[in-house]
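K.L.:
My questions concern the predicted model and sequence given below.
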Amino acid sequence: MARRDPARGGVSWILWPPAICALALVVLPVVGLLVRSDLTRFPSLITSTSSLNALKLSLLTAGLSTVACVLLGVPLAVVLARSGARGVRVLRAVVLLPLVLPPVVGGLALLYLLGRKGFLGILVTTLTGEQVPFTTAAVVIAQTFVAMPFLVVSLEGALRGAGDRYERVAATLGAKPWTVFRRVTLPLLMPALGSGIVLSFARALGEFGATITFAGSLEGVTRTLPLEVYTQAEVDVDSAVALALLLILVAVAVIALARPRALEGVRS
């Protein structure tokens, strides 16, 4: 019989009942979808033209929004974690606002900022002659708005946990701030960056409220997979259930394939 390694510790039996309840709360709704689904029609339901268009659009926009999250979120996380300027605490609260706001509220905020009557929307229309709402770009913006805080939280926590001693040593050796960022800060961020990218992509993939409010639901243009599920639920429940299962499968695949690699740096 295998012996338990004392160095690894153990889990108190008191923790198991609530842990099982928490797991059931996550797993049982998925089981409910499986029970309700018509598996014999599953392939035909998820390969319809509208379903494939929604899936392609979801993967495209989620990928683009994740890139935007990295380009904008990494510098923001470093500023929040390392800056000693006044007002950083207030800035952190503002950055994390999308985590607590209902997505519909975020969509309305984006609409009144970038819409025809929004002050930034008027400027965009004047300069380009184009409108942002109800376009694929609007989907990417909405997904970035709701997903970027997940990346920022991951990176800021990693930076605060690692401390700044290595960066201080590099600075005392004459390294310039940009060199310190490239050679010291970024390597410290890599494990958390991988995890944050996975979380951001998964959140963007499942975004619904801000997207439908700001970008609408136009097939092939703004109707992502969550919006397609909502649309089909009104006309064909079997199709909606099949697409919901497809969305779950895609999300699980992304997390299962990417997250272990993202945590390799933590385990090593």
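P.N.:
Cool, got the structure. Here the structure is a predicted model, which is why all the values come from computation and not from measurement.

K.L.:
Name the next helix or strand following the strand or helix carrying Val35 along the chain.
P.N.:
Val35 belongs to helix 16-36 when assigned by DSSP states H and E. Beyond helix 16-36 on the C-terminal side, the first helix or strand identified by DSSP H and E is helix 42-46.

K.L.:
Show me what the mean pLDDT comes to for that following helix.
P.N.:
Helix 42-46 shows a mean pLDDT of 89.

K.L.:
So for the helix or strand just after it, what gets flagged as buried?
P.N.:
Note on helix 42-46: by DSSP H and E, the next helix or strand toward the C-terminus is helix 49-82. By neighbour count, with 16 or more other Cβ atoms under 10 Å as the criterion, the buried positions of helix 49-82 are 51, 53-55, 57-59, 61-62, 64-66, 68-70, 73-74, 76-82. Heads up, the C-betas are built off the backbone N, CA and C, glycines and all.

K.L.:
which element follows helix 49-82 toward the C-terminus?
P.N.:
On the C-terminal side of helix 49-82, the closest following helix or strand by DSSP H and E is helix 88-95.

K.L.:
now for the helix or strand just after that following helix, which elements pack on it?
P.N.:
The C-terminal neighbour of helix 88-95 among helices and strands, as given by DSSP H and E, is helix 97-100. With contacts defined as 3 or more Cβ pairs under 8 Å, 6 or more residues apart in numbering; DSSP states H and E, the secondary structure elements packing on helix 97-100 are helix 136-162.

K.L.:
packing partners for the helix it packs on?
P.N.:
Short answer (3+ Cβ pairs under 8 Å, 6+ apart): helix 136-162 packs on helix 49-82, helix 88-95, helix 97-100, helix 103-114, helix 186-205, helix 209-214.

K.L.:
Just the C-alpha atoms of the fifth one, please, in CSV.
P.N.:
What follows is helix 186-205, C-alpha atoms only, in CSV (Å, rounded to 0.1, in the frame of the first residue of the first chain):
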residue,chain,number,x,y,z
LEU,A,186,9.2,40.5,-17.7
PRO,A,187,10.9,37.2,-16.8
LEU,A,188,9.3,37.5,-13.3
LEU,A,189,5.9,37.9,-15.0
MET,A,190,6.1,35.0,-17.4
PRO,A,191,4.3,32.3,-15.3
ALA,A,192,1.5,34.7,-14.2
LEU,A,193,1.4,36.1,-17.8
GLY,A,194,0.6,32.7,-19.2
SER,A,195,-2.1,32.1,-16.6
GLY,A,196,-3.6,35.6,-17.1
ILE,A,197,-3.7,35.1,-20.9
VAL,A,198,-5.7,31.9,-20.5
LEU,A,199,-8.1,33.6,-18.1
SER,A,200,-8.5,36.6,-20.4
PHE,A,201,-9.1,34.5,-23.5
ALA,A,202,-11.7,32.3,-21.7
ARG,A,203,-13.5,35.4,-20.3
ALA,A,204,-13.5,37.0,-23.7
LEU,A,205,-14.8,33.8,-25.3
